[in-house]
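Novice: Whatever this is, show me its structure:
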Amino acid sequence: MKKIIFFIAFLIPVLGFSQDLNNGLVAKFLFNGNLADSSVNQNNLLANGVALYTIDHLGKSNNALSMMDMNGFYLYTENANSAYNFTNQYSIGFWIKNLDGNAFMLGDVLFHGDPFGGAKQYSVSYQDYGFLTAGRSGNNQIGVYDYTHFVFVYDNTTMKVYVNGVLVEQFTVAALTNIGDYPLVIAKFNNLSWQNSYKNSAALDDIYVYNRTLTAGEVALLYGKQITGVDENVNLTEDTLFPNPATGTVLVKGGFKKIEVLDALGNKMKLDFNIDSFNVDDLAAGTYIVRITDLNNNVVVKKLIRK
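Specialist: Down below sits the predicted model:
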């Protein structure tokens, strides 16, 4: 089975923990049947070719970008923007899946730089055979026919790679170089006249680009809100779940009518109604996503660590 390698080159510093996943968000492309940027920058994408859409990671039709046999196709932001010219830190997250297990791919998921082959400041790329990497060969394969969520976090020294909300590797990466203001370029497949077997065969969804480092907790929240299909509620305090990390009984502060506990793959581990506490002794140690529905049917997502 052919696979796909992700290649990444970036650069960025570390911020303290924040519950606000809009903090530092400079680009947000959801591909919900359009190429809009849902961040405050509203720097929408333009297409070199015709953009096609497919089923997203939640099973919704026409809510993800299809890159099936799209030779010569790529997207780029309407304006070059200094917001993408990072000096020492950043984070990039997205969902991707391979639509063809026999595909032989080479190209970029995303980069900041010249779309016509000039300078690149940072990039996330796939290079044949399905192993995830960030500036070097890696060991983390993307899903074939199933979506995988990736987040790359760079703090000006170390690159951290998260897969489905879990840190899988980290390593040293060289510092960023200022190349000036260029657009973000997405889904640019390399057309190689000498290798006709190369083809673009992926689906791409929910790209988030930050000008700061995300904490492990924020990565888990980003993954959690996307597997549940809801935004986090920043009005909830950090001690909504107490204690956290936890063993035994976890208290839920406030009036909530439904609590769902999901593992890192989105599998539902617990479902309780009209409760103010639940027990985690039957869960293995690790990180979990807690999806909380309050009395007004607002849905929020929190991270829970089972010690």
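Novice: what's the burial count for the closest residue to V50 other than its chain neighbours?
Specialist: Among residues not flanking V50 along the chain, F73 sits closest, at 7.7 Å (Cβ to Cβ, 6 or more residues apart in numbering). Where C-beta positions appear, they are placed from N, C-alpha and C, glycine not excepted. Per other Cβ atoms under 10 Å, the neighbour tally for F73 reads 20.
Novice: my guess is F73 contacts N48, does it?
Specialist: Yes: using Cβ atoms under 8 Å as the test, F73 is close enough to N48 to be in contact (6.3 Å).
Novice: On the pLDDT front, check the residue nearest the centre of the chain for me.
Specialist: Note on the chain: the residue nearest the mean C-alpha position is G93, at 2.4 Å, using Cα atoms, centre = their mean. G93 is assigned 94 on the pLDDT scale.
Novice: for it, which residues make a bridge with it?
Specialist: With DSSP bridges applied, the residues forming beta bridges to G93 are V151, Y208.
Novice: ok now the helix or strand in which D272 is found, how far from the chain's centre?
Specialist: For D272, the host element (DSSP states H and E) is strand 268-273. In this view, strand 268-273 has its centroid 25 Å away from the chain centroid, taken as Cα atoms, centre = their mean, to the nearest Å.
Novice: so what does it touch, helix or strand wise?
Specialist: If contacts are counted by 3 or more Cβ pairs under 8 Å, 6 or more residues apart in numbering; DSSP states H and E, strand 268-273 sits against strand 256-262.
Novice: partners of the strand it packs on in the sheet?
Specialist: In the sheet, strand 256-262 lines up against strand 268-273 (antiparallel), strand 286-294 (antiparallel) (DSSP bridges).
Novice: Kindly export stretch 149-162 (C-alpha atoms) in CSV.
Specialist: As requested, C-alpha coordinates have been extracted for stretch 149-162 and formatted as CSV (Å, rounded to 0.1, in the frame of the first residue of the first chain):
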residue,chain,number,x,y,z
HIS,A,149,-6.1,15.2,12.6
PHE,A,150,-2.6,16.8,12.7
VAL,A,151,-1.3,19.8,14.6
PHE,A,152,2.2,21.1,14.2
VAL,A,153,3.5,23.4,17.0
TYR,A,154,6.8,25.2,16.7
ASP,A,155,8.4,27.4,19.4
ASN,A,156,11.5,28.6,17.6
THR,A,157,13.5,25.6,18.7
THR,A,158,11.3,22.5,18.9
MET,A,159,8.7,21.1,16.6
LYS,A,160,5.9,19.1,18.2
VAL,A,161,3.6,16.9,16.2
TYR,A,162,0.2,15.9,17.5
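Novice: which intervals of the stretch 151-300 of the chain have sub-threshold pLDDT?
Specialist: Scanning the stretch 151-300 of the chain with the threshold set as pLDDT under 70 gives 189-200, 227-239, 255, 264-266, 299.
Novice: Which strands and helices lie in contact with the one helix or strand V185 maps to?
Specialist: Using DSSP H and E, V185 falls within strand 184-189. Applying 3+ Cβ pairs under 8 Å, 6+ apart, one finds that strand 184-189 makes contact with strand 64-68, strand 74-77, strand 106-113, strand 201-210.
Novice: between it and strand 201-210, how big is the angle?
Specialist: Between the axis of strand 184-189 and that of strand 201-210 there is an angle of 160 degrees, by axes from the mean of the first three to the mean of the last three Cα atoms, to 10 degrees.
Novice: Note down every partner strand of strand 184-189 and its orientation.
Specialist: Strand 184-189 has the following sheet partners, assigned by DSSP bridges: strand 74-77 (antiparallel), strand 106-113 (antiparallel).
Novice: Now do the helix or strand following the longest one: distance to the chain's middle.
Specialist: Next helix or strand after strand 106-113 toward the C-terminus (DSSP H and E): strand 120-129. Averaging C-alpha coordinates over strand 120-129 and over its chain gives two centres that are 15 Å apart (Cα atoms, centre = their mean).
Novice: And the helices in this protein?
Specialist: In order along the chain, the chain carries the following helices (DSSP state H): 216-228.
Novice: Quick check, the residue nearest to the centre of the chain in contact with V161.
Specialist: No: with contact defined as Cβ under 8 Å, G93 and V161 do not form a contacting pair (11.0 Å).
Novice: Report the set of residues contacting both of the two.
Specialist: Overlap of the contact sets of G93 and V161 (by Cβ atoms under 8 Å, 6 or more residues apart in numbering) consists of 150-152.
Novice: can you list the domains in this structure?
Specialist: 4-227, 233-306 (automatic domain parsing).
Novice: how close does A216 get to L45?
Specialist: Taken as Cβ to Cβ, to the nearest Å, the spacing of A216 relative to L45 amounts to 30 Å.
Novice: now P183
Specialist: Distance from P183 to L45, by Cβ to Cβ: 9 Å.
Novice: coming back round to it: hey, which of the domains of the chain is tucked in deepest?
Specialist: domain 4-227 (a mean of 19; mean count of other Cβ atoms under 10 Å).
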